[in-house]
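S.K.: Show me the folded form of this:
(one chain, ligands or ions: 1)
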Amino acid sequence: MAISSTVGIDDFSIYLPQLYLPIEKLAEKRNIPYSKLKDGLGLEQMALADAREDTATMAANAVLDLMHKNDLDPCTVGRIYLGTESALDGAKPTATYVLEMLSDHFADAYGPNCFLHCDVVDLTFACIGGVDALQNCLEWTAAREDRIGIVVASDRAKYEMGSTGEYTQGAGAVAMLVRQSPRLLAIDPDFGVATRPTHDFFKPKRKVSKQDIIREVIDLLPDLSAEDYSLGELEDKLTNGSTTTGVLDCNERFLTIHKDTPVFDGPYSNESYQARIREALMDYRRRRGQQPGRLSEEYAALAFHLPYAYQARRMFSEIYMEELKAQRQWEAFTERNQLDVPCADDYEDREQYLNKCGEFLRSVTKTEDYRRFVESHLAPGDWASSRVGNLYSGSVFLSLMAILEAAHHSDEDLSGQDLLVLAYGSGSKAKVFGATVQPGWREVTAGFDLQLRLNNRQEIDYDTYEKLHRCILPDNVTEHEQGTFFLADVHDSHDETEGVRHYGYAANVLA
Ligand SMILES: CC(=O)SCCNC(=O)CCNC(=O)[C@H](O)C(C)(C)COP(=O)(O)OP(=O)(O)OC[C@H]1O[C@@H](n2cnc3c(N)ncnc32)[C@H](O)[C@@H]1OP(=O)(O)O
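M.R.: Numbers count the residues shown, from 1 in each chain. Next up, the predicted model:
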């Protein structure tokens, strides 16, 4: 069912950090079989932000590329909405730093006030903030033909070292141009949505005892004896050399700190992802008057939020089963694949029955039929994630870019075909929407250069990764890439303007 909308995404730009760590090196260090990470979760490389890259520089770099590619006059851009869960400040939107960098950059050519009337804001809802920003800007753009908006999703997915989230880390930003009569994707204004408050993944301000802080300082700086430090001195050590990004409050016994790594429950977050996506899909179908059972025919491919590359492959089995049931092909499927469907009557214990159902759904993913569905509908959207890792808010857009670029490289014609987008944010909410590929898609997609960008990065070793993770490198590992923004400095705690950030631009000598 082609979508009749006249608003959508005209172009994408992606910014990926220059650095990556091969997952094999992390697996070796953590004593995890590489085959589990590669074949089980689809992980090959992890994109890593350099010492002078943050949410704002990555977003600004993606937007700058989008503006150059499309020859956009800054005075015509009415909005830059940022989806992120790695905001740099609790009150001042990270989008204002993005705007500052762009304003400085374009000032000579367009005047110092070229972005004065541009509306900017951050939207935060874990990994789905970028989709919220997109939906909002689509509605705004639909009202007037001359409106041009930019949505950018930028994040650094960082987990504690040694945790089960560590191998799913990543970083980067995806920017998109939103306008009427888009050349790339027309987007259906009816978004399916499902929201339920959960604690599957969150980043609270934590109260940490002085003893715990001392332990962390000793662990980080083993050559120092920390016992005699005052809280103020400990605060310095923490802000200068640990995973802790800021100390907000202190008294005699506790420091309230803001960590940039989440508290999460992996299996619960997967359950929540699976349930919200299914509920949002049902809502989408209800709004569109669609019946289940024709998903494979109705959509050329599915783009998912991918916290790791094989998330969609592992989480889609229940919907796949429901599709087969709606097509009346379920019995034939289970017989052909010799699957024993668990029956509740055979189990006295409900927990045992539910575990069996979980195992059964996993066995569905191992069938030849499911593998074929993966190859045709899911794999086109997950190949890039294998080489980047989790982009949080940008991940679902990376999946869309991957589908388009894969089709372009394989000479497939997607024009007029529909794609289904399934996004999730912990906490928790899912949104599902449809997009119709436009006739101009091939020319626009040719400018993504996704694979080229992935091939032209620099590999780093484990020790460098660990230093970057602990934030103890004073400067970038690579030289500032020409034509990109970088973090110049942050005012420290001795300064009255503590936390103010300054950015620079490495001029492109060829420009
Ligand atoms: C942030 C969000 O978007 S919320 C939704 C997702 N949640 C997260 O990303 C939170 C952070 N991540 C995590 O907690 C974890 O990385 C998880 C939950 C995603 C994965 O958990 P893990 O304990 O690492 O993996 P798990 O034990 O489930 O195994 C993963 C796969 O590897 C497979 N595997 C295990 N060992 C091997 C091996 N040696 N060779 C091949 N495959 C293997 C498993 O069979 C399983 O695949 P299957 O279920 O398809 O059969």
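S.K.: where does the stretch 401-511 of the chain have low pLDDT?
M.R.: Within the stretch 401-511 of the chain, the segments meeting pLDDT under 70 span 509-511.
S.K.: Flag every buried residue along stretch 187-207.
M.R.: Under the neighbour-count criterion of 16 or more other Cβ atoms under 10 Å, stretch 187-207 has 187-189, 191-195, 198, 200-201, 203 buried. In short, each C-beta sits where N, CA and C put it, glycine included.
S.K.: Correction: the previous question concerned stretch 38-58.
M.R.: Buried residues in stretch 38-58, defined by neighbour count with 16+ other Cβ under 10 Å: 38, 41-58.
S.K.: Now find how far off-centre stretch 192-211 is within its chain.
M.R.: 18 Å (Cα atoms, centre = their mean, to the nearest Å).
S.K.: And stretch 93-104, by the same measure?
M.R.: In this view, stretch 93-104 has its centroid 21 Å away from the chain centroid, taken as Cα atoms, centre = their mean.
S.K.: do the same with stretch 483-498
M.R.: Relative to the centre of its chain, stretch 483-498 is centred 25 Å away, using Cα atoms, centre = their mean.
S.K.: in it, what counts as buried?
M.R.: Across stretch 483-498, burial judged by 16+ other Cβ under 10 Å covers 483-487.
S.K.: so how far is residue 166 from the residue in the stretch 151-300 of the chain that the ligand sits nearest to?
M.R.: Residue of the stretch 151-300 of the chain nearest the ligand, by Cβ to the nearest ligand atom: residue 266 (2.3 Å). Going from residue 266 to residue 166 by Cβ to Cβ, to the nearest Å gives 11 Å.
S.K.: cool, and residue 391?
M.R.: 16 Å.
S.K.: likewise residue 52?
M.R.: Taking Cβ to Cβ as the measure, residue 52 falls 23 Å from residue 166.
S.K.: and what of residue 397?
M.R.: In this view, residue 397 and residue 166 are 24 Å apart by Cβ to Cβ.
S.K.: Please name the residues that touch residue 363.
M.R.: Residue 363 is in contact with residue 339, counting by Cβ atoms under 8 Å, 6 or more residues apart in numbering.
S.K.: ok, back up a step: rebuild the buried residues of stretch 483-498 as CSV, extending it with secondary structure.
M.R.: Output for the buried residues of stretch 483-498, formatted as CSV (DSSP: H, G, I helix; E, B strand; the rest coil):
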residue, secondary structure
483, coil
484, strand
485, strand
486, strand
487, strand
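S.K.: so which of those would you say is closest to the ligand?
M.R.: In terms of Cβ to the nearest ligand atom, no member of the buried residues of stretch 483-498 lies closer to the ligand than residue 487, at 25.0 Å.
S.K.: centre of the chain versus the host helix or strand of residue 296, how much separation?
M.R.: Using DSSP states H and E, residue 296 falls within helix 295-298. Mean-position distance between helix 295-298 and its chain equals 26 Å (Cα atoms, centre = their mean).
S.K.: Go through it and flag the buried ones.
M.R.: Buried residues in helix 295-298, counted by 16+ other Cβ under 10 Å: residue 295.
S.K.: Same question for stretch 301-321.
M.R.: Quick answer for stretch 301-321 (16+ other Cβ under 10 Å): 301-321.
S.K.: just checking, which of the residues you listed belong to helices?
M.R.: If you go by DSSP state H, those have 311-315, 317-321 in helices.
S.K.: Among the residues you listed, which ones lie close to the ligand?
M.R.: For the ligand, the contacts drawn from those by Cβ under 6 Å from any ligand atom are residue 314.
S.K.: Hmm, residue 195 is touching residue 426, no?
M.R.: No - contact between residue 195 and residue 426 fails when scored by Cβ atoms under 8 Å: they sit 11.8 Å apart.
S.K.: Could you find the closest non-adjacent residue to residue 415?
M.R.: residue 439 (5.1 Å; Cβ to Cβ, 6 or more residues apart in numbering).
S.K.: Low-confidence bits of the chain, can you list those?
M.R.: Applying pLDDT under 70 to the chain flags residues 1-5, 207-258, 509-511.
S.K.: The same query, at a cut-off of 90, please.
M.R.: Across the chain, residues meeting the criterion (pLDDT under 90) sit at 1-5, 204-260, 348, 470-474, 478-482, 491-499, 507-511.
S.K.: So what are the structural domains in it, by residue number?
M.R.: By the assignment in automatic domain parsing, the chain contains the domains 7-200+264-310+382-506, 206-257, 311-381.
S.K.: Mean neighbour count, those: which tops it?
M.R.: When the domains of the chain are scored by mean count of other Cβ atoms under 10 Å, the highest mean neighbour count falls to domain 7-200+264-310+382-506 (a mean of 20).
S.K.: Check the offset of it from the chain's centre.
M.R.: Taking the mean of its C-alpha atoms, domain 7-200+264-310+382-506 sits 5 Å from the chain's own mean (Cα atoms, centre = their mean).
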